[in-house]
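>>> here's a sequence, model it:
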Amino acid sequence: MIAPRTGKTRLLIVDDSSFMRMAIRSILSKEPTIEIVGTAADGVEGVEKAVDLKPDVITMDVEMPRMDGIAALRQIMAKAPTRVIMVSTLTNEGARATFEALDAGAIDYIPKNVTDSPDAQKVFREELLHKIQMAVGSRFFRPVVTPPERQAAAPPPLQRHVAGKLAGKKIGYVGIGASTGGPVALQEVLSRIPVNFPYGIIVGIHMPKAFTGPYADRLNAKCSMTIREAVDGDVLKPGLALIAPGGMHTTLVRQGANVVVKVAPTSAYPQYIYVPSVDLMISTMAEATHGSMLGVILTGMGNDGFKGMQLLKGKGGVTIAQNEATSTIYGMPKACVDGGVADEVLPLGQIGFEIAKFAG
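Residues are numbered from 1 along each chain as shown. As a prediction, this is how the structure comes out:
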């Protein structure tokens, strides 16, 4: 039976750990804007309660008996589509399962980091509340099922010239930033870029350290060009897309004829709250390339990337922002659009094709 509407965000907690159910309930029960309408101890019960209770948001564990979180998510999306936040372990296996869940329709994820440490508990609480608020305000898209095998880049439309404000622009490199909704959006963009793309690409996406390596591996298996996690000293080069490592910051520097990756601990750049910082990556890249680059900002919360894109525009660079209609969270792109630093504002499905057109 559906609980009466109260104007609050109605939340269902699905986790096989009684400790985690109690921890999440304890965190959220103090919030006047959230109402916990139920809990479930496994995927089977989670699906049943999602259908019966019609919550606004579900927190979903990945590893559970009887039915795991991925299988439960798929059933929920088929029977009662709901905004789902995955609660994931900070392991490679947890990362792989999380990306599978995002492909299946989960709106976001949060690392499972509830320990006896008061600092860790505080971080988990703040992040969980933020993720729920973002989920409520997000655009909810039904998942698009894609084949698991490696995809060849779809050919760009017959009209190969770059149109609009991008016409006649020249680039030497591509820098892309994203956050919430970014894992799925980036796969869409990079899958449209051909294997022989003549410019080096680097991507900054807000992710924990344990997730960026498996994410790069996943993209590499699904896209035609080579994609891997960046390491200190990497050179940006044609046919290669690098994913900035999570849990630290990435900058770009000029070394002779090359643009080179430098990674640094967050303590080296305490002024940047988002990690990895897209602002820092794009800004240093703009300096290292003397503005000879394309900057792209995809879906994400906040305004990370705006200052970098502003600097890039000032150096004569080229910029694209994702449009509102296709953004899960229209925060980062909106900052660029409202700030007047986006040359083009494009739907997600067109961005990869537009990047590919720069190949000539």
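>>> what's the burial count for Gly38?
19 (other C-beta atoms under 10 Å). Yep, even glycine has a C-beta here, placed from its N, CA and C like the rest.
>>> what does Gly302 give?
Applying other C-beta under 10 Å, we find 18 residues neighbouring Gly302.
>>> how close does it sit to Ser179?
Computed as C-beta to C-beta, to the nearest Å, the Gly302 to Ser179 distance reads 7 Å.
>>> what sits in contact with each of the two?
Common neighbours of Gly302 and Ser179 are listed as 274, 331-332 (criterion: C-beta atoms under 8 Å, 6 or more residues apart in numbering).
>>> out of these, which is nearest to Pro198?
Proximity of these to Pro198 (C-beta to C-beta) peaks at Met332, which lies at 27.0 Å.
>>> and that closest one, how many neighbours?
Using other C-beta under 10 Å, Met332 is surrounded by 31 other residues.
>>> hang on, it packs against Gly181?
No: contact criterion C-beta atoms under 8 Å: Met332 and Gly181 do not qualify, at 9.9 Å.
>>> any shared contact partners between these two?
With C-beta under 8 Å, 6+ apart as the test, Met332 and Gly181 both reach 298-300.
>>> chain center to the helix or strand encompassing Ile282, what's the gap?
For Ile282, the host element (DSSP states H and E) is helix 278-289. How far helix 278-289 lies from its chain's middle: 19 Å, per C-alpha atoms, centre = their mean, to the nearest Å.
>>> that older thread, looking at the shared contacts of Gly302 and Ser179, spot the one nearest Val174.
Met332 (16.6 Å).
>>> nearest residue to the closest one in space, please, no chain neighbours.
Gly300 (3.8 Å; C-beta to C-beta, 6 or more residues apart in numbering).
>>> Val47 now?
Once flanking residues are discounted, Val47 sits nearest to Gln75: 4.7 Å by C-beta to C-beta, 6+ apart.
>>> so what's the one you found up against?
Neighbours of Gln75 in contact, by C-beta under 8 Å, 6+ apart: 43, 47, 67.
>>> hey, where'd the helices end up in the stretch 1-150 of the chain?
Along the stretch 1-150 of the chain, the segments classed as helices by DSSP state H, counting those that start in this stretch run 18-28, 43-53, 69-79, 92-104, 118-136.
>>> reformat the ones you listed as JSON lines; add mean pLDDT.
Formatted as JSON lines, the helices of the stretch 1-150 of the chain follow (pLDDT from 0 to 100):
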{"stretch": "helix 18-28", "mean pLDDT": "90"}
{"stretch": "helix 43-53", "mean pLDDT": "97"}
{"stretch": "helix 69-79", "mean pLDDT": "96"}
{"stretch": "helix 92-104", "mean pLDDT": "90"}
{"stretch": "helix 118-136", "mean pLDDT": "85"}
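>>> give me the number of residues near Thr267?
Residue 267: Ser, not Thr. As a burial measure, Ser267 scores 8 neighbours (other C-beta under 10 Å).
>>> now do the strands in the stretch 251-360 of the chain.
Secondary structure of the stretch 251-360 of the chain by DSSP state E, counting those that start in this stretch: the strands cover 258-264, 293-297, 318-322, 344-346.
>>> list the helices and strands the helix or strand of the chain with the lowest mean pLDDT packs on?
Ranking every helix and strand in the chain by mean pLDDT, DSSP states H and E puts helix 118-136 at the bottom, with a mean of 85. Where contact means 3 or more C-beta pairs under 8 Å, 6 or more residues apart in numbering; DSSP states H and E, helix 118-136 is packed against strand 9-14, helix 18-28, strand 57-61, strand 83-88, strand 108-111.
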